[in-house]
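>>> I would like to see how this sequence folds:
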Amino acid sequence: MSCTIRHGVDEPRLGEPLCPECYNYAGSVLFNAMSPELWRRFTQALRRRIAKNAGLTQRDLKEQAVISFAKVAEYQRRGVVHFHAVIRLDGPEGPATAPPAWATPALMTDAVRHAAAAVAVTVPHVPGEPTRTFRWGDQLDVRQITMDGDLSEQAVAAYIAKYATKAAECVGTLDRRVNLLDDLTALPIRDHPRRLIAECLRLGTR
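Below you'll find the model as predicted:
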């Protein structure tokens, strides 16, 4: 199914499924729940790839470089998170020391792309639920941060700060805890976030 209408940015239907009965609400909820583990595995795979590309063991890599991460999980309109991340490689004492000569932007880009494609998380089996395995999607934008230019340190700091202060308001959900005894039909929200909340509660009881 598809929609050919061009909507404005304030259109309330943005992020709504064209077929709510077809939408994979369980998959959306579980991807969000599994995304921290997916990120953890990504960082592990990234370190392994960097070590391999540099011709080092994992122990040697720790002695030559420090790899740091800053990430923000941002909700899309449909209620599924995606990640914005800054990945930095410094010398063995951190930002006070220069990175090794082998630590090139090309090496880092290759490691990011490899790690993003290599990792997966399978949800622990629950009776009555299908087995689900989650991976990162195909949309991956890797850019080098520079001292000046469009992607400067200052621009990235502002970029990350913007997403770090966002919550789930774009999804149209609530800014308070939802309890099992709440009457979901009485909540002042659209049907899509209501269904997401109901699926969270259903899966939580499993």
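>>> contacts, neighbours, all on C-alpha from now
OK.
>>> Are we agreed that residue 73 is in a strand?
Yes - assessed by DSSP: H, G, I helix; E, B strand; the rest coil, residue 73 belongs to a strand.
>>> for the helix or strand of the chain with the lowest mean pLDDT, the distance to its chain's centre please.
The helix or strand of the chain with the poorest confidence is helix 153-164; it has a mean of 72 (mean pLDDT, DSSP states H and E). Relative to the centre of its chain, helix 153-164 is centred 16 Å away, using C-alpha atoms, centre = their mean, to the nearest Å.
>>> what does stretch 182-198 give?
24 Å.
>>> Who are the packing partners of the least confident helix or strand of the chain?
When contacts are defined as 3 or more C-alpha pairs under 8 Å, 6 or more residues apart in numbering; DSSP states H and E, helix 153-164 sits against strand 66-75.
>>> picking up where we left off before, next, the angle strand 66-75 makes with the least confident helix or strand of the chain.
40 degrees (axes from the mean of the first three to the mean of the last three C-alpha atoms, to 10 degrees).
>>> Tell me the helix or strand right after helix 153-164.
Following helix 153-164 in sequence order, the next helix or strand is helix 191-205 (DSSP states H and E).
>>> which parts of that next one are buried?
191, 192, 193, 194, 195, 196, 197, 198, 199, 200 (16 or more other C-alpha atoms under 10 Å).
>>> residue contacts, residue 8?
If you count contacts by C-alpha atoms under 8 Å, 6 or more residues apart in numbering, residue 8 has none.
>>> no no, residue 139
No contacts exist for residue 139 under C-alpha under 8 Å, 6+ apart.
>>> what stretches of the protein score poorly on pLDDT?
147-151, 163-170 (pLDDT under 70).
>>> Taking the centroid of the protein, which residue is nearest it?
residue 83 (3.0 Å; C-alpha atoms, centre = their mean).
>>> tell me the contacts of it?
Contacts of residue 83 (C-alpha under 8 Å, 6+ apart): 71, 72, 73, 74.
>>> Same check on residue 199?
Contacts of residue 199 (C-alpha under 8 Å, 6+ apart): 25, 26, 29.
>>> one more time with 10 Å
Contacts for residue 199 were tallied using C-alpha atoms under 10 Å, 6 or more residues apart in numbering; they are 25, 26, 27, 28, 29, 30, 193, 205.
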